[in-house]
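Peer 1: following is a predicted model, sequence given first.
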Amino acid sequence: MSAPAAPSRRRLLQSAGLAGLFGLMPRLARAIEGGKRRFLFVFCPGGWDPAVVFAPVFGSSHVDLPEDAEPAEANGISYIAGASRPAVTAFFDTWGQEAALINGMEVRSVNHHVCKRLVLTGSPAEVGDDWPALLGGVAQDDPEMPVVHLSGPTFSHRYGSAVVRLGERGQLVRLLTGEALSSTRVSPPSTAVEAALRSHLEATLDERLALAGSAEERRLLGHAEDALRRQSSLAAIADQLGLAVASTFPERLAVLVDLLAEGYARCGTVAFEGYLDIGWDTHATNNIQHHSFDLLFEALGGLCADLAARPGLESERLLDDVTIVVLSEMGRYPKFNGHGGKEHWTFTSALLIGGGVAGGQVVGAYSDSLGGQAVDLASGATVSSGGELLLPAHLGATLLALADIDPGEVLPGVSPIAALLA
């Protein structure tokens with residue numbers, strides 16, 4: 001991609017002759033405001049084992065560590081090194097000063113679906129927006145794709161129309177350009193027919209909005225109107241997006257980095273399924289986690305190098321504009337089971353890298369039984385009294401604060417981890 005910055009949606013629509021077809025601003029009003037920081041979420045589905053990398057609980061009879069586990073420290077971050085995970089050591093040696101580790105975060109469930117909601121929304125409720133949807137839905141610069149969803153879980157409610165799903169095989173661009181119809185007997189509609197269809201849809205939406213009898217109905221219709229507007233905007237720039245089919249995890253990261261770098265998106269989300277794409281749910285043969293962590297950190301090192309080499313939209317380096325969030329929905333039980341695996345566990349870790357992050361530190365800690373310890377949110381230190389046990393809501397509040405959004409408007413009574421804010 002060659003353009004240094006994305007053109008505004010208004011200019012795109014005018015150049016495409018579409019500005020007069022519908023209102024440029026969505027009827028779904030934003031109740032909160034946020035800044036311009038970008039975010040890239042990497043989700044590891046299945047539940048990673050903190051005792052492989054993140055939890056250096058040496059000397060405890062309650063925790064089974066890898067056979068090759070060695071205590072290590074680099075750039076202020078203590079972690080577990082091992083010969084089977086050289087990329088972990090390489091990452092912290094090179095990028096540890098840009099990264100912060102959150103340890104001992106309690107998810108309070110061992111059900112995959114519930115844990116995914118908890119870690120991404122702070123609540124087990126079936127209604128709610130995840131952190132990417134919130135961050136993208138209030139983006140001040142109103143990018144063409146507020147949230148680019150490539151893979152992994154996604155939860156949206158109020159800001160559902162902000163989430164644009166690319167599809168792992170490039171389905172979105174093929175739909176926008178009409179290429180998806182090339183192998184069928186269906187011919188794309190003519191320009192006149194397409195304009196007539198759009199006019200009919202807009203008139204129908206206007207009529208339904210005028211007759212809407214409830215706030216929920218108006219919300220859903222607002223999503224439909226916003227999606228219609230966004231479809232036209234994306235169609236106008238489909239050939240500029242350069243969305244090649246990405247079959248590997250590093251390739252998928254590169255797609256998201258391009259979109260963030262050009263200003264087309266505010267948030268990107270992608271899943272890393274681990275070694276051989278078999279996931280992180282290792283109820284047997286927990287050693288698979290060693291390979292998965294090594295591949296993950298190798299890709300994260302390449303991602304940081306790519307972001308650091310690119311000019312930012314607001315800063316000298318793109319790495320200073322983008323916050324990378326790496327997490328999984330749960331941890332794994334401290335001890336091996338009879339199959340060499342580990343069961344589900346409610347305590348886990350998260351990793352923040354890049355823009356706005358006070359790097360070179362570990363916030364929170366694990367006990368000798370792999371439980372979480374109370375933390376002073378201001379300093380990040382573990383305390384015996386007066387602190388708070390870390391929950392996913394604290395992570396969410398921290399991300400909102402990084403985006404210049406008042407966490408109190410979204411998560412009343414929950415404070416961000418101030419020690420993580422640069």
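Peer 2: Nice, I can see it.
Peer 1: now this structure, which segments are flagged as low pLDDT?
Peer 2: Counting by pLDDT under 70, the chain shows low-confidence ranges at 1-34, 168-170, 173-189, 232, 235-245.
Peer 1: all helices for it, in order.
Peer 2: 9-15, 86-95, 112-121, 131-137, 171-177, 191-211, 215-237, 249-261, 288-309, 392-402 (DSSP state H).
Peer 1: mind saving the C-alpha coords of the second one as CSV?
Peer 2: Put plainly, it is helix 86-95. Below are the C-alpha coordinates for helix 86-95, written out as CSV (Å, rounded to 0.1, in the frame of the first residue of the first chain):
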residue,chain,number,x,y,z
PRO,A,86,14.1,-19.3,22.1
ALA,A,87,11.8,-16.8,20.5
VAL,A,88,10.5,-15.8,24.0
THR,A,89,13.9,-14.9,25.2
ALA,A,90,14.7,-13.1,21.9
PHE,A,91,11.5,-11.0,22.2
PHE,A,92,12.0,-9.9,25.8
ASP,A,93,15.7,-9.1,25.1
THR,A,94,14.7,-6.9,22.1
TRP,A,95,11.3,-5.6,22.9
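Peer 1: just the buried positions in that helix, please.
Peer 2: For helix 86-95, burial by neighbour count (16 or more other CB atoms under 10 Å) applies to Ala87, Val88, Thr89, Phe91, Phe92, Trp95. For glycine as for every other residue, the C-beta is placed from the backbone atoms N, C-alpha and C.
Peer 1: could you measure from Ala195 over to Glu207?
Peer 2: Distance from Ala195 to Glu207, counting by CB to CB, to the nearest Å: 19 Å.
Peer 1: if you count surrounding residues, which of the two has more?
Peer 2: Per other CB atoms under 10 Å, whichever of Ala195 and Glu207 has more neighbours is Ala195, with 14 against 10.
Peer 1: report the contact partners of Thr269.
Peer 2: Neighbouring residues of Thr269 by CB atoms under 8 Å, 6 or more residues apart in numbering: Leu40, Phe41, Phe43, Pro132, Val147, Val148, His149, Leu150, Ser151, Gly152, Thr154.
Peer 1: rerun at 7 Å
Peer 2: Thr269 is in contact with Phe41, Phe43, Pro132, Val147, His149, Leu150, Gly152, Thr154, counting by CB atoms under 7 Å, 6 or more residues apart in numbering.
Peer 1: bridged to it, which residues?
Peer 2: Beta-bridge pairing for Thr269 (DSSP bridges): Phe41, His149.
Peer 1: what separation is there between it and Gly360?
Peer 2: Distance of Thr269 to Gly360, computed by CB to CB: 26 Å.
Peer 1: then stretch 204-212 to CSV, C-alphas only?
Peer 2: Output of stretch 204-212 as CSV, limited to C-alpha atoms (Å, rounded to 0.1, in the frame of the first residue of the first chain):
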residue,chain,number,x,y,z
THR,A,204,-37.4,2.1,3.8
LEU,A,205,-35.0,2.8,6.6
ASP,A,206,-36.2,6.4,6.9
GLU,A,207,-39.8,5.2,7.0
ARG,A,208,-39.0,2.5,9.6
LEU,A,209,-37.0,5.0,11.7
ALA,A,210,-39.9,7.4,11.7
LEU,A,211,-42.3,4.7,12.9
ALA,A,212,-39.9,3.1,15.4
